[in-house]
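Trainee: I'll drop the sequence and a predicted model, then ask my questions.
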Amino acid sequence: MNSVKLFSPATVANLSCGFDVLGCCLDNVGDEMIISLVAEKGVRITKIDGADLPMETHKNVAGVAVEALLDQLGDETTGVEVEIYKKIKAGSGIGSSAASSAGAVWGVNHLLGYPFSNKQLVAFAMEGEKLASGNAHADNVAPALLGGFTLVRSYTPLDILKLHTPDDLMMTVIHPQIEVKTSDSRSVIKPNITLKKAIHQWGNLGGFISGLYTEDYDLIGRSLEDVIVEPLRSILIPEFQRVKNAALAHGALGCGISGSGPSIFTLSKGEATARNVADAIREVYQTTGLDFDIHISKINSEGVRIIRS
Ligand code: ADP
């Protein structure tokens, strides 16, 4: 057992009411990776297919994340080779960098006989996120590693919870193929918020989590509201409000910015509604002349999975 081929899923972070703490894992959108243990020590990225990304270990999130894992083990002899088959475009807002970091550490942990739990792997994968965005956030890598919906209850110390996933929840995501610079999407956010807005937002976060556990889809929908970041960031995404209006008019429970954008997510109850929502938002985007992808996915309760051992 010295090589494994993996599916490493895309993820949607923030989910309107949980900026930097909530995330969820998609089922049929993601990268593939082959992770191998080899005789020559050190970590190497040997192939990247489908994207123009750095091959140097210390510039690629997968390399940095695996090095963090080996450092923690005090392992200076293991050799690791990583092949990345990118299907998620970098900068899409559906966790492209997280898929590489999470898949790489999951694969190495598997090949080494599971010295770490999946929750422990989150900290190593976060080192990759730090490289990608300057900020070691866990709201994409946690759902990629644990599956389902996850909550970062605390960053210091790191405390990650896996939440319940109602069976009928479906995600529809539109990815407009425009570049929103991470620096721009960060610069529009204000460092302070009013108490009034904080109260509004933590009410929604509590409501959303309660809705997941009680499988109360109306409550989930009512809670998918963002009074803090969306009003500022949505101006960077063409036709955001029209997409949101169309999604809600066609039965979506809620709609918001996926991660730092430009992707927009919607949650629906049932596949038929998720497909109607996809048709409605496609119609909106076809008027823009922009290229875009639409994904319809179940929630993946497993996270990274093996395609071939
Ligand atoms: P996303 O939100 O889709 O993950 P980010 O902006 O967070 O996009 O991450 C993309 C950044 O990370 C890009 O600057 C990219 O060059 C860098 N990066 C380094 N290695 C990888 C990798 N293996 N996969 C994706 N992005 C990577």
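Mentor: Alright, I've got the coordinates. Numbers count the residues shown, from 1 in each chain.
Trainee: biggest helix in the chain, by residue count?
Mentor: Counting by DSSP state H, the longest helix found in the chain is helix 195-214.
Trainee: list the buried ones in that one?
Mentor: 200, 201, 204, 205, 207, 208, 209, 211, 212 (16 or more other Cβ atoms under 10 Å). (Glycine included, C-beta is placed from N, CA and C.)
Trainee: mind giving me the packing neighbours of it?
Mentor: Counting contacts by 3 or more Cβ pairs under 8 Å, 6 or more residues apart in numbering; DSSP states H and E, helix 195-214 is packed against strand 159-163, helix 217-223.
Trainee: again, only this time at 6 Å
Mentor: Helices and strands touching helix 195-214, by 3 or more Cβ pairs under 6 Å, 6 or more residues apart in numbering; DSSP states H and E, are helix 217-223.
Trainee: which parts of the helix it packs on are buried?
Mentor: Per 16+ other Cβ under 10 Å, helix 217-223 contains these buried residues: 217, 219, 220, 221, 223.
Trainee: quick check: the second one touching residue 211?
Mentor: Yes: in this structure residue 219 lies within contact range of residue 211 using Cβ atoms under 6 Å: 3.6 Å.
Trainee: re the thing from before, strand 159-163 and the longest helix of the chain, what's the angle between them?
Mentor: 50 degrees (axes from the mean of the first three to the mean of the last three Cα atoms, to 10 degrees).
Trainee: buried ones in the helix or strand bottoming out on mean pLDDT in the chain?
Mentor: Least confident helix or strand of the chain, by mean pLDDT, DSSP states H and E, is helix 182-187 with a mean of 81. Within helix 182-187, the residues that count as buried by 16+ other Cβ under 10 Å are 182, 185.
Trainee: and the contacts of it?
Mentor: Contact with helix 182-187 is made by 133, 233, 260, 261, as judged by Cβ atoms under 6 Å, 6 or more residues apart in numbering.
Trainee: at 7 Å instead, please
Mentor: Contact with helix 182-187 is made by 133, 233, 236, 260, 261, as judged by Cβ atoms under 7 Å, 6 or more residues apart in numbering.
Trainee: tell me which residue of the stretch 201-309 of the chain lies closest to the ligand.
Mentor: Here the stretch 201-309 of the chain gets closest to the ligand at one residue, residue 259, 5.0 Å apart by Cβ to the nearest ligand atom.
Trainee: and the closest residue to that residue other than its chain neighbours, what element?
Mentor: Distance criterion Cβ to Cβ, 6 or more residues apart in numbering; nearest residue to residue 259, sequence neighbours excluded, is residue 93 at 4.0 Å. Here residue 93, judged by DSSP states H and E, is contained in no helix and no strand.
Trainee: would you map the helices across the stretch 1-150 of the chain?
Mentor: Assigned by DSSP state H, counting those that start in this stretch, the helices in the stretch 1-150 of the chain fall at 61-73, 96-111, 118-133, 141-146.
Trainee: stretch 38-47 close to the ligand?
Mentor: No: on the criterion Cβ under 6 Å from any ligand atom, stretch 38-47 is out of touch with the ligand, staying 7.7 Å away.
Trainee: returning to that earlier point: how far is the least confident helix or strand of the chain from where the chain is centred?
Mentor: Centre-to-centre, helix 182-187 and its host chain are 18 Å apart (Cα atoms, centre = their mean, to the nearest Å).
Trainee: residue 279 - that's part of a helix, no?
Mentor: Yes: using DSSP: H, G, I helix; E, B strand; the rest coil, the secondary structure at residue 279 is a helix.
Trainee: state the number of residues packed around whichever residue of the stretch 101-250 of the chain sits closest to the ligand.
Mentor: Closest contact between the stretch 101-250 of the chain and the ligand, by Cβ to the nearest ligand atom, is at residue 132 (3.4 Å). Number of residues near residue 132 (other Cβ atoms under 10 Å) recorded here: 22.
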